[in-house]
Every structure is written in C-alpha cells, then in structure tokens.
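1. Provide a 3D model corresponding to the input given below.
(chains A, B, C and D)
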4 protein chains.
Amino acid sequence: MKRTPGPECASVVLVRVRFGETDLMGIVHHAAYLSWFEVGRVEYLRRRGIDALDWAARGVHLPVIEASLRYRRSARFDERLTVETRLAELGRASVGFEYRVLRPSPAGDELLTEGATLLACVNDRHVPTRLPADVANALLGAETRPRAASEV
Amino acid sequence: MKRTPGPECASVVLVRVRFGETDLMGIVHHAAYLSWFEVGRVEYLRRRGIDALDWAARGVHLPVIEASLRYRRSARFDERLTVETRLAELGRASVGFEYRVLRPSPAGDELLTEGATLLACVNDRHVPTRLPADVANALLGAETRPRAASEV
Amino acid sequence: MKRTPGPECASVVLVRVRFGETDLMGIVHHAAYLSWFEVGRVEYLRRRGIDALDWAARGVHLPVIEASLRYRRSARFDERLTVETRLAELGRASVGFEYRVLRPSPAGDELLTEGATLLACVNDRHVPTRLPADVANALLGAETRPRAASEV
Amino acid sequence: MKRTPGPECASVVLVRVRFGETDLMGIVHHAAYLSWFEVGRVEYLRRRGIDALDWAARGVHLPVIEASLRYRRSARFDERLTVETRLAELGRASVGFEYRVLRPSPAGDELLTEGATLLACVNDRHVPTRLPADVANALLGAETRPRAASEV
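-> Prediction:
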C-alpha cells in the first residue's frame, strides 16, 4: 500500500555555491545538483527526527536506485540557493522524493533545477526490506525539529 | 528533423573507481556516475575528432539539460568499469546520449548503472542554436580516432 | 613590504558534512577539507565586502599556489563543523591564509584539521601582479558585513 | 627505524582531466590534485601486489595525516597528465609518499604540481599500529605487477 504524502511533507535548506562546484563554463557543474538533492533529503530526515547513522546502525539503508534531473537555468559561484525537498511517495520498501533548486528573488523565486530520486530500503545484506513503521510514520509527518541556526 | 543514429554511434571508455568516489556505505557514491557519463561523452566526441574546447572557442556549447540514472548494482573501490556511450538522438539544437556502466566479467558483463542525458546546443549568450553541420555529421558517424594508449 | 595582520583578520563559517564527502573508511575524505578551506576563504572575503566575481571582472585572480593540511581527528557524516579562516600574511602579490576546522563542543572545541594556503595575485594573462590597494586594505581589516542568515 | 627507499620505489599512472574537475577560472580546481595523488598512491600499492581492501579487512588502515601541495602550472580540461608517486619514507607506523603531476611533452615534461602526503598506520580502533612486515617489504620493493591495459 502506498500512502499519499500531504503538503506538510516538505522541507527546505539553503546551499551556497562553492567555487569547486563550478566548471569551465563558469556555471555550476550539473553533477553538483545531485549532491544538493542529497543535502535536501538529509535535512528532510533530520527535521523529522530521523538520524541516518542511527538508522544504518539498525541495519536499514536507503541507497538511491533512480534519479532524474531537469536543468532549467544555470547557477553561479557564491549564489545562495534554496533546495526544496518533498516526499513524493512511500512504498513498503521504497521512498520517493522530489526536489526543486530555486534562486530566491523578491520578484519571485526562479526555478533552476528540479528532479526526483527513488530510494530502496535494504538491509545489511542489500536485500530489500520493509521500511520500519516508525521511520515510515516520521517520513509521512510534518517537521518536528527546528532548523539548526547556521550560516552559509 | 531528427536523424536516427546507427550502431556505429557508440564508444567505450574504462574508468577505475577512485577512493574519494566511495561513500560511507562502502560503495560508489551515486553522483559519481554522472561524472562517468561525462567521461564517456567526452570520449565519444574525441573518438570522432570533436574537440570540446575548440568547439567552445567557436561559440558552441552543450550544457546538460536533462539527466536520468537507474542504479542496478553497486560498484566498489578500485574496480575497473566500462562506460558505454551511445548517441540516442540528434535534433536541430539538441543531442541525446545513453550510457551503461558495466563491470566486465568473463561470465558476462554486469550492468551496474544505465542512464541518459540530453544536451542543448547554445551559443555564447546561452541562446539555443543549431548544431553546426560538421559537428552533427561527426556525431552521427563512426569512430575516426584510435583510443589513447593509457592505463587506469 | 609585508604587513602583519591583526586579530581582527579572522572569520568563521559553518559547514555540515555531506554524505558524498565521506569515503568507505566512514569518515570525511581528506580532499574535502581543501574545499572547506575555500569556503572559509570566500566567507573571509565576503565579510569584508570583497566579491570574488567583481574582482575577476577587474582582471584580478587569486589562484592557490601552495596548500598544506594536518589532519588530527576525523569528521563524520552530518556533523556541523566550524571553519576558522585567518589572514596570515599579505605580500605585494600574494596572500596567505591559515585555517582550522573545529568540532564545536560545550567542553571545548576539538581541532580536526588545520592548514594553510598561499595565493598569488595574477592578471588575466596569469602574470603576477600587485594586489589592488583597496583589496589589500579590505583584507587587512575587520569584518564589515554581517553573516548571512541561513542554515546547514 | 626508518628505511630509505631506493629509486625502484616509484610508480606512474596517467589521468585525463575531467570536465567536472575544472572550475570557473577555466583550469583544474586545486583540490583535484589531492585526488590524483590518491590515484597515484593506489597505483603504487597495486603494482606491488598490495590490495587496499584486503588490507582493510585485516584491520590495517592508512589515513592521510598530512598533505602538502605546490602548484606551479595549471592544467586544463581533457589533458592527459602523468602522476608520479615515489615512496619517500617508511616509519614503524607511517608511510610518506611524494608526488609529481606532469604534462608529458616531447620537449620535456612540464611539472604542474608536486606534493607529499604522510599516512599513519592505524587499526580498526584508529590506534597507531606497526605496519605489517609483508606490507612494509612490498612498499620498499620494485613493481611486481604489470600496469593494467586501459585507456583514459
């Protein structure tokens, strides 16, 4: 049974473009966005009290099994960007996330890149395994933790 | 008009998994494959006499505008893998490639990851522009250059 | 003439360890620190009103010509770390920075990695050139800009 | 007791500059060299029959504890470069390597970057531990394995 995530199943994190993430075209290298999706996904989990390392210690792993990206506008060095992560679907042994990388602007945020990843839930022997109920419930819920005060 | 690439529109390159490409799951981080696709694509161009830098100097750029990846098996540190790159479609102002990352094996190569990228042809002002005819012809052709003797 | 930087010549930025920055030893890959040093250096400049891109448009570039790192303790996935950047020396055509990556702790910050980079000031033709006076003055001064509110 | 490595304690590997290794200055990002040093070091070990993964399974790890780099000339996209790795010193529980990244040229190779790393030998609990005798002997010896036929 797939459960449908609601509007509360979203989190946001900021990233600042690093010099080493640019390439000789002068823009952010397209592979960097996959890392930012991951930053967004980890933030999504953290804001719901899910610690990926604790989880791994319990023998639950979530490798990426599919990813897709659509690049609409390019980003440049030192820009501060918003990564929105939304739970798209929750299966028995899989989790789907959708992402949008935006350039914040008073005139309306600009969409730079959007994409999705599908993660499989596997155990220590890489065998697909059911998502633990507490993890599934946390994934389907709203944020329960504040964002960490910080800076980028 | 889209032209249909034939079986000669394929090239192969080897990559060796670097330590820094692994992550704490002990396997290759999923973003590394996007870089390997790029290695494969550059090799595809090189084997057909297309020099990306010369091309850029002529004001022709090919940013990635879409990418997708399906991860089937994981790769590990120090493995030697094969990246197959195939021209999938050639539009007036776009080029589509497909990729397969394989683990060579006497018993039959194992498919680790497959994917695709779509590239737009743009000029120096990032405006979509027609692919130059000589480039389009080279892309549609067979390899004309030997692989560089090397080692990884 | 080398000018001696004072205690006001220091800035701090936070980084959160990304999953892709770890390696199969389960710790942060040693090359990641060089990128974090760069994040710290860019923050040092930003907090003093120096925009690296504007600067580049004026034909002033600061490539790294020497780097050194001493790794004392390892960092792990998802940790929030502090990068301290201090101006160490300012020559006619070079700038030296020193860095410390720390794990904040109520019982006293733990030093993870320390290091230094030397940057040369070069023009568009890669010829060493004198640091513009306004840039030198800003480098030698205290922070004039607030940190950006953000999160990692 | 430190043993002095002889001239046979050197190995060479080729790397091809990847697009994603460049930055907006149009040259190879300085952090990439640290990864290439690692590629060189792994090749040094491999050519002497030392498999880093087998070694790790025996509880012997070699994290980098110091690194230094001097950048002399910049490298560009798609160049084929030579990484020379030389054993510099072998302590009871440490190994020092030196590296040179060169641009091969008929008129004489050009030195791009040189550097060094010091590695500590530690056990699974990160406690410094004596290098196993068979590993120390292999490190001090000449190459015993051919380079893998390949391409970059």
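2. distance of the residue nearest to residue A:23 when sequence neighbours are not counted from residue D:13?
-> Excluding the flanking residues, the one nearest residue A:23 by Cβ to Cβ, 6 or more residues apart in numbering or on different chains is residue A:29, at 4.2 Å. In this view, the C-beta of every residue, glycine as well, is placed from N, C-alpha and C. Residue A:29 is 24 Å from residue D:13, where distance means Cβ to Cβ, to the nearest Å.
3. And residue A:23, by the same measure?
-> 24 Å.
4. and stretch A:41-54 with chain C, contact?
-> Yes: judged by Cβ under 8 Å from any Cβ of the partner chain, stretch A:41-54 comes into contact with chain C at A:42, A:46, A:51-53.
5. Any of the residues you listed buried? List them.
-> Buried by 16 or more other Cβ atoms under 10 Å in any protein chain shown: A:42, A:46, A:52, out of these.
6. Let me see the contact set for the second one.
-> Which is residue A:46. A:145, C:78 (Cβ atoms under 8 Å, 6 or more residues apart in numbering or on different chains).
7. For it, give me the backbone phi and psi.
-> phi -60, psi -40 (degrees, to the nearest 10).
8. where does it land on pLDDT?
-> Listed pLDDT for residue A:46 reads 95.
9. which residues touch the helix or strand bottoming out on mean pLDDT in chain A?
-> Counting by mean pLDDT, DSSP states H and E, chain A has its least confident helix or strand at helix A:52-57, which shows a mean of 85. By Cβ under 8 Å, 6+ apart, the list of residues contacting helix A:52-57 from outside reads A:42, A:45, A:61-62, A:135, B:25, C:19, C:76-78.
10. ditto for stretch A:99-108
-> For stretch A:99-108, contacts defined as Cβ under 8 Å, 6+ apart pick out A:33, A:36-37, A:40-41, A:73, A:75, A:79-86, A:109-117.
11. what about burial for these, which qualify?
-> By 16+ other Cβ under 10 Å, those give A:33, A:36-37, A:40-41, A:75, A:81-86, A:112-117 as buried.
12. Pull out the buried residues from stretch A:87-105.
-> A:87-88, A:90-91, A:94-103.
13. Ramachandran angles for the closest residue in space to residue A:64 that isn't next to it in sequence?
-> Counting by Cβ to Cβ, 6+ apart, residue A:64 lies nearest to residue B:30, which is 4.4 Å off, once chain neighbours are set aside. Dihedral pair for residue B:30: phi -60, psi -20, per degrees, to the nearest 10.
14. about what we covered before: in strands, which of the buried ones among the contacts of stretch A:99-108 fall?
-> A:81-86, A:112-117 (DSSP state E).
15. mind checking the SS state of residue A:13?
-> strand (DSSP: H, G, I helix; E, B strand; the rest coil).
16. OK, contacts around the residue positioned nearest the centre of chain A?
-> Centroid-nearest residue in chain A, with Cα atoms, centre = their mean: residue A:41, separated by 2.4 Å. Residue A:41 makes contacts with A:85, A:97, A:99, A:117, as judged by Cβ under 8 Å, 6+ apart.
17. next one: phi and psi at the third one?
-> This points to residue A:99. Per degrees, to the nearest 10, the backbone of residue A:99 is at phi -130, psi 150.
18. okay, it: pLDDT?
-> The model's pLDDT for residue A:99 equals 98.
19. Can you tell me what sits against stretch A:137-144?
-> For stretch A:137-144, with Cβ under 8 Å, 6+ apart as the criterion, the contacting residues are A:3, A:5-6, A:8-9, A:11, A:45, A:47-50, A:87, A:90, A:95, A:131.
20. Next, the buried residues of that stretch.
-> Buried-residue list, stretch A:137-144, by 16+ other Cβ under 10 Å: A:138-141, A:143.
21. sorry, back to before: pull the most distant pair out of the buried residues of stretch A:87-105.
-> Across the buried residues of stretch A:87-105, no pair lies farther apart than A:91 and A:103, at 32.6 Å, counting by Cβ to Cβ.
22. Let me know the closest of the buried ones among the residues of stretch A:41-54 next to chain C to chain B.
-> Within these, the smallest distance to chain B is 9.6 Å, found for residue A:52 (Cβ to the nearest Cβ).
23. if I pick the nearest residue to residue A:118 once chain neighbours are set aside, what's in contact with it?
-> Closest residue to residue A:118 apart from its sequence neighbours, by Cβ to Cβ, 6+ apart: residue A:66 at 4.1 Å. If a contact means Cβ under 8 Å, 6+ apart, then residue A:66 has A:116-118, B:68-71 as its contacts.
24. Same check on residue A:31?
-> Residue A:31 touches B:31, B:34-35, B:38, D:20, counting by Cβ under 8 Å, 6+ apart.
25. for residue A:131, same thing?
-> Residue A:131 sits in contact with A:60, A:90-93, A:95, A:121, A:139, where contact means Cβ under 8 Å, 6+ apart.
26. Selecting buried members of the contacts of stretch A:137-144 in ChimeraX, what would you type?
-> Restricted to buried positions by 16+ other Cβ under 10 Å, the ChimeraX selection for those reads:
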select /A:5,9,11,45,47,48,50,87,90,95,131
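27. now, which of the contacts of stretch A:137-144 lie within strands?
-> Counting by DSSP E, the contacts of stretch A:137-144 contribute A:11, A:87, A:90, A:95 to strands.
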